[in-house]
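> no FASTA, just this:
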Ligand SMILES: Nc1ncnc2c1ncn2[C@@H]1O[C@H](COP(=O)(O)OP(=O)(O)OP(=O)(O)O)[C@@H](O)[C@H]1O
Ligand SMILES: Nc1ncnc2c1ncn2[C@@H]1O[C@H](COP(=O)(O)OP(=O)(O)OP(=O)(O)O)[C@@H](O)[C@H]1O
Ligand code: MOO
Ligand SMILES: [Mg+2]
Ligand SMILES: [Mg+2]
């Protein structure tokens, strides 16, 4: 299933001119406050009427010159930036609301799983009025998930949740993606969430799409780092456990080479590792007697200088990794394209996201 | 100015029994969704009536058996979890709302500064209905700031903002604190924000305060790490620029020793450095030819083992730093209490927060 | 009870029936009209709204006359209804029509305020969950405007209980058939010394009204508690 | 204009004055009562609400009769007012009182719905910004319920324009003093050949009502646009 | 000077004319408040500023008199009227009320003013009683709140027949008076007039003028029978 979006819409303050394709999987929309993210997903969901354009889910045209499907017929589940729970219904009934309209309503097991995953068991008989901000948002996520949508649109769904709850929900969304769930259009300010979840990245600025493409490419591209934010660049590596486990550490095969990381919680799907550029240390000599377990040989591909840091693109194994170091270090270490070196990655610095 | 809070309040699902003191400066309240953070600040602001207790700002009793000041007479500015802008007023009038009731209303310069800092110039004539989620929240922050409160209560004020905007607003709040602004009670899920801003930390779980004390102690305490979350422990160091600048790097005096970090933006106040435990590398030998500029001698104080990581408390200079390393590394390096070693801190891995 | 004659009890029973039928029958139309006025913009919107208010502005007698003209056997509508045996003339259904029309503006206004207060974002949310227009209306909008619907219904019912001028002009005063409590009260007040009997009927009206309002308040409180934000 | 006599124009002018004064004078009380009923819980709450509805439930003649008794020179209240020269009996102010009382339940109900729809969290927010109760009310609550206040005012005005039974019973039908448009219409309808004149007055009533409603719709639309969420 | 007259509403056309003439002649302003006799009577009892009261029935004048508000000696029966049976549209006159009047209604109603409360209705009931058809007719009577409303029911065709004053039937082209009830079949129809105790002096002159020939002509033209 693939979403293709192209539309214009003028507001007083801003004019939106948005075009992108969101293939299967999770597509993240990232950008500063007020750049048009919510407006864009509203247009996709049928809540904002573009001045012109075309929005289609595979062959199913949702909007064009002659078509404007009402939201109900788009089959797009929407987790709103504000929860928008139905105040007159209990949490249980809010959760069940979409099921009666779904052609393939979720079964009891699915329902139970969502409720448990979102920690809603104790809230089922409550009304939205008494819920905390995070509780509301969790119910809103559950409500959208349980409406069996063809596409899931989530507008900063985790912003009001604590890290523990986020950490609990993210893998579920990942599994949803992996398990043939609907594609997800995911609006977020948090690159950590995006790195954990998304396959594709759309960056919006002032009503326009300034970057679109696979997430891993964007993160590893020193030129894209400016767009994404100084602290967010790095590498995103697929990883497969080899099965070898020593000292509670698991050995993983990655395109960069073999890495060790704390034994992952039993995960069905493939793993994903995020290596932040500013957490990578570059060394000319191979470091010894050091607490960082993962030291890999590397070769400098190019350097992109910034005002207070230099981004070094390194070839490590079959992949590229980005390291953010100071200009002084780059000079002291004599890093120029072609130089061989080592990258030091702290074991526990690996973010295991999938 | 110091806030002292002690109250009980029963709900159907939860009973709150909260007691803490918030000295001058910023006190953060941290805890999982639904633990009672919003309810607690509501009680402080006079929006939730405790069953019993005492709430006082210095000698001024806001609530006890015989007192229950209405919100208007508490002089507590409140940035709500939901923005709660007045829909019938323009942004400018929303911002100005509190001034007419303030005994010492903010002057035009203050107003201009807040508007500029929050990026609200272009929104002044707009009505809340058309604003994006982040825009709303920015207006709400400005509105509370401009009401000249004796205490500022902020309930996840930055959750819906992008990192760039957050990075812009945080230092302002810091300066507010440093410049003799009102004390702030700051509810947040994001330890990065808290580390940047807070002086004190209150951790709440299920309606109770489970930890209260200076933030730096909590972050550096391996035992507190369980409460705060595995990825959040570390060290918080005050830092003073020595004035020496080389290669765009500034030399800083810290209790741990001299550190180099990319030249900070011109900041009036003292700096604060956050060193996350999982970003610290421990080495027995002194590493050479490495891109991490900051290598400091250290001595192991104690090791606290966790399931997938070992927290090493190290004496570095006159302070303690926490390093999270794998159990294997701890063993390979022969780290036991009393052992001398080096800590490697990537320059750009220092989070400059103040 | 001995202090009211059988004819007066008949009037009470009839008034209750007339008011109940008038209110219930007018309710769907009032909801529809309120929806139209609250949610749609079209040419003539304000004029339609003004037209709805007319029974309030015109003296009830005039409304009664207009009804009389419309439903008289010589008029098309009246003639047709007469042929199919449904003529409301001199029938309690006519009283219900008069009462319904007189209460209509009150019902529409209250319910319209309800529609205007519903957060459209909740209806949007229902739409994204697959609910079509009708489903959104019945599962979200209607429950949310319940307090306003209750308020409108009480106003309509109260007006229907009190309606006199249009009713007596349209369907006259036939004991047991069209004599409502207000007609009976009016008749008593026309003769010197009739105040006592009139006051007894007034007391009955008050009891009924108080009961109806209290009942509606309970309903509304329940509805409001459920949707308290 | 030639098609209405001076007496009829007097009636039109008087009706406008009576309706305007009645509505404006009743408005603050209606707002206060609506606030009380919407926001306070106290013993007798439902009873008070029921009492407010009584002018709707009782035949207008009864209300007029009760007013007559209350304000007659022989009664304490009326006697007192008479002595200080403020007796509303048989005075246009009496017509305004009658009209105000008859419209009161309509105004209260509409405005009460407005109060009930205001998000209390906005009022809380105003409180935390330092606004005391009165300031919250005037700067937040009142602007937010403006559409409801407008709706209530229109209902009250329309009812005041149309009120007949209570008015004619209370203050009679004295041309230039207490003869409102509905009373004049009534008088015309009582005589052979009066229908033409009555219809002209009905037409005037309709024009006034339409103008008032359209004006209110414009106001309400502006108010609603401002607070659209 | 101002003269306030409280008059039964059915007198409006005639009174308006007489009042206008009087004003022209004397310069005295005559204000007439028209209403149901019951309302007017009650208002006067409660202190209404009326100088002159013209009631459509003796009963309410009796009430005012009993309250001591009638200037002694000023009460006189000003007008009389006749009671007629009217039919909707064109119809042939009847010489007598048919033996089976219900059949004449053909399933329709007989429109009357309130038979126990409003004078026209009370007279009509008496007439039908004395003709021996009341018991048969009663279930088929539709009572209007006043005689003009009863007339309207017949005029619009809602009721095929009705009982009204002759004065009402005359001017309504959509009805035909088919039968005049004999005088003896009901109490005499009288409109008593009287000055109130606080009447302004000018009112007395107007009161007298109402009994004069010019007024009589106007009353007669409107279907009333001047009695003085
Ligand atoms: N009026 C109420 N009635 C019943 N339960 C309530 C009420 N208000 C709050 N609660 C419950 O109290 C708990 C604490 O709520 P509170 O809003 O203080 O949480 P919180 O810590 O701010 O959570 P979050 O991070 O999700 O905003 C929640 O479980 C909530 O459901
Ligand atoms: N109805 C409207 N009228 C005028 N301007 C509007 C309207 N709706 C949105 N805007 C403006 O369009 C811009 C984009 O809004 P949008 O809600 O899409 O932003 P966003 O990217 O979701 O921001 P945030 O991250 O703060 O939620 C904002 O500047 C907003 O003020
Ligand atoms: O004035 Mo009314 O409203 O007769 O029925
Ligand atoms: Mg948004
Ligand atoms: Mg909260």
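Everything's here; your move. Since we're looking at a predicted model, the values are computed, not measured. Ligands and ions are numbered 1, 2, ... in the order given.

> so how many other residues sit close to residue 52?
All of this is about chain A. Counted with other CB atoms under 10 Å in any protein chain shown, residues neighbouring residue A:52 total 11. For glycine as for every other residue, the C-beta is placed from the backbone atoms N, C-alpha and C.

> To clarify, I was referring to chain E.
With other CB under 10 Å as criterion, residue E:52 counts 24.

> next one: phi and psi at it?
Main-chain torsions, residue E:52, degrees, to the nearest 10: phi -140, psi 140.

> show me the contacts for it.
E:3-7, E:193-196, E:199, E:203, E:206-207 (CB atoms under 8 Å, 6 or more residues apart in numbering or on different chains).

> hmm, try it at 10 Å
Counting by CB atoms under 10 Å, 6 or more residues apart in numbering or on different chains, residue E:52 makes contact with E:3-7, E:30, E:32, E:71, E:74, E:193-196, E:199-200, E:203-204, E:206-207, E:210.

> Could you list which of those residues also contact chain D?
Intersecting these with the contacts of chain D gives E:4, E:5, E:6, E:7, E:30, E:32 (criterion: CB under 10 Å from any CB of the partner chain).

> These in strands, which ones?
Counting by DSSP state E, the part of those found in strands is E:4, E:5, E:6, E:7, E:30, E:32.

> With distance to ligand 1 added, can I get the residues you listed in CSV?
As requested, these are exported to CSV (distance: CB to the nearest ligand atom, whole Å):
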residue, distance to ligand 1
E:4, 65
E:5, 68
E:6, 64
E:7, 67
E:30, 71
E:32, 66
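
> Let me have those residues in TSV, adding neighbour count and pLDDT as columns.
Output for these, formatted as TSV (neighbours: other CB atoms under 10 Å in any protein chain shown; pLDDT from 0 to 100):
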residue	neighbour count	pLDDT
E:4	24	93
E:5	25	94
E:6	28	94
E:7	28	93
E:30	24	93
E:32	24	92
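
> now, among these, which is nearest to ligand 2?
Using CB to the nearest ligand atom, residue E:32 comes nearest to ligand 2 of those, at 62.0 Å.

> Which residues does the nearest residue to that closest one once chain neighbours are set aside form beta bridges with?
What sits nearest to residue E:32 in space, not counting adjacent residues and going by CB to CB, 6 or more residues apart in numbering or on different chains, is residue E:5, at 4.6 Å. Listed by DSSP bridges, the beta-bridge partners for residue E:5 are residue E:32, residue E:52.

> show me the contacts for residue E:5.
Residue E:5 touches D:174, E:11, E:15, E:18-19, E:30-34, E:40, E:50-54, E:193, E:203, E:206-207, E:210, counting by CB under 10 Å, 6+ apart.

> What residues does chain C have near chain A?
Proximity of chain C to chain A (CB under 10 Å from any CB) is limited to residues C:119-133, C:135-136, C:139-140, C:142-144, C:146, C:223, C:225-229.

> Is residue C:35 in a helix, a strand, or coil?
Here residue C:35 is recorded as helix under DSSP: H, G, I helix; E, B strand; the rest coil.

> Report how many residues lie close to the nearest residue to it once chain neighbours are set aside.
Spatially, and ignoring its direct neighbours in sequence, residue C:35 is nearest to residue C:115 (5.9 Å; CB to CB, 6+ apart). When neighbours are defined as other CB under 10 Å, residue C:115 has 19 of them.

> tell me the two of the ones in strands among the ones next to chain D among the contacts of residue E:52 that are most distant?
E:6 and E:30 (11.8 Å; CB to CB).

> so what's in contact with these two at the same time?
E:51, E:52.

> by contact count, what packs against the helix or strand hosting residue A:20?
Assessed by DSSP states H and E, residue A:20 sits inside strand A:15-22. On a contact count with 3 or more CB pairs under 10 Å, 6 or more residues apart in numbering or on different chains; DSSP states H and E, strand A:15-22 meets strand A:3-10, strand A:26-30, helix A:37-45, strand A:52-57, strand A:184-187, strand A:200-205, strand A:208-214.

> Those: which one's closest to residue C:202?
Using CB to CB, the nearest of these to residue C:202 is helix A:37-45, at 57.6 Å.

> is any part of the closest one close to chain D?
No: Helix A:37-45 does not reach chain D (CB under 10 Å from any CB); its nearest approach is 15.1 Å.
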